[in-house]
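**Q** Just to be clear, the model below is a prediction. Sequence and coordinates:
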Amino acid sequence: MQTNENILTKNIWSLLQEVTDPEVPVLTIIDLGIVRDVKINKAGAENEIEVVITPTYSGCPAMDVIRMNIRMVLLEHGFKNVQITTILSPAWTTDWMSDAGKEKLKAYGIAPPNPKQQVCNTQLFAEDEAVQCPHCNSYNTRRISEFGSTACKSLFQCNDCHEPFDYFKCY
């Protein structure tokens, strides 16, 4: 049997599905895997809701907006006592992204991160990484720039369809 606390926690996780990444609006913070935990802390007559998050990288400028949006969606649903805790360890990894999130990236025109074991060696990334074009699915692509529209993406171009695209870097 589920307790009221379990039901409340599930409800909050569901509400957090409404919070999108301001840099990639097709992804929710749940898709990204940055929500690490939801805690219900007893604080007198009103429970404190604590949402534990890990940024995609420590200098991510979107985190301030994400924290504000978490607070706003919870306030809109009657949760007034909200604490947002940021933890940096363990560091976020693209392994925490959901498969649904990776599919959303591709449909949006951003190549999702490759499996970590294939790419997270910087020696490999420089020349050897095979990144699939999200437009035509070709692996005949080349990196144009280490940085794309945001620091967490690289700019690539497909040699077959000639379309430029961002690649969500592996971390």
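**A** Arrived safely, thanks for sending. Numbers count the residues shown, from 1 in each chain.
**Q** Contact partners for residue 38?
**A** Neighbour list for residue 38: 9, 12-13, 16, 49-52 [criterion: C-beta atoms under 8 Å, 6 or more residues apart in numbering]. Just so you know, the C-beta spots here come from the backbone N, C-alpha and C atoms, and that holds for glycine as well.
**Q** now residue 135, nearest residue through space, not along the chain?
**A** The shortest distance from residue 135 to any non-neighbouring residue, by C-beta to C-beta, 6 or more residues apart in numbering, is to residue 163 (4.7 Å).
**Q** doesn't residue 140 make contact with that neighbour?
**A** No - the pair residue 163 / residue 140 is not scored as a contact, 11.9 Å apart, by C-beta atoms under 8 Å.
**Q** Identify the contacts common to the two.
**A** Counting by C-beta under 8 Å, 6+ apart, the residues touching both residue 163 and residue 140 are residue 133.
**Q** In terms of neighbours, single out the busier of those two.
**A** residue 163 (15 against 12; other C-beta atoms under 10 Å).
**Q** gap between the more buried one and residue 153?
**A** 15 Å (C-beta to C-beta, to the nearest Å).
**Q** Name all residues that make contact with the residue nearest to residue 135.
**A** Shown in contact with residue 163 (C-beta under 8 Å, 6+ apart): 133, 135-136, 157.
**Q** From residue 152, how far out is it?
**A** 20 Å.
**Q** Also residue 161?
**A** For residue 161, the distance to residue 152 (C-beta to C-beta) stands at 24 Å.
**Q** higher neighbour count, the two?
**A** Comparing residue 161 with residue 152 by other C-beta under 10 Å, the one with more neighbours is residue 152, at 21 against 14.
**Q** Could you report the pLDDT at that one?
**A** pLDDT, residue 152: 85.
**Q** Assess the claim that it and residue 169 are in contact.
**A** Yes - Residue 152 lies in contact with residue 169 (C-beta under 8 Å); the separation is 5.8 Å.
**Q** give me the element residue 88 is part of.
**A** Per DSSP states H and E: residue 88 is located in neither a helix nor a strand.
**Q** Show the contacting residues for it.
**A** So residue 88 contacts 54-55, 58 (C-beta under 8 Å, 6+ apart).
**Q** Filter those residues down to the buried ones and hand me the PyMOL line.
**A** Listed next is the PyMOL selection for buried residues among the contacts of residue 88, using 16 or more other C-beta atoms under 10 Å:
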select buried, resi 54+55
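**Q** Which of the contacts of residue 88 sits closest to residue 100?
**A** Of all the contacts of residue 88, residue 100 sits closest to residue 54, with 19.1 Å by C-beta to C-beta.
**Q** Give me the nearest residue to that closest one, chain neighbours excluded.
**A** Closest residue in space to residue 54, ignoring its immediate chain neighbours: residue 92 at 4.6 Å, by C-beta to C-beta, 6+ apart.
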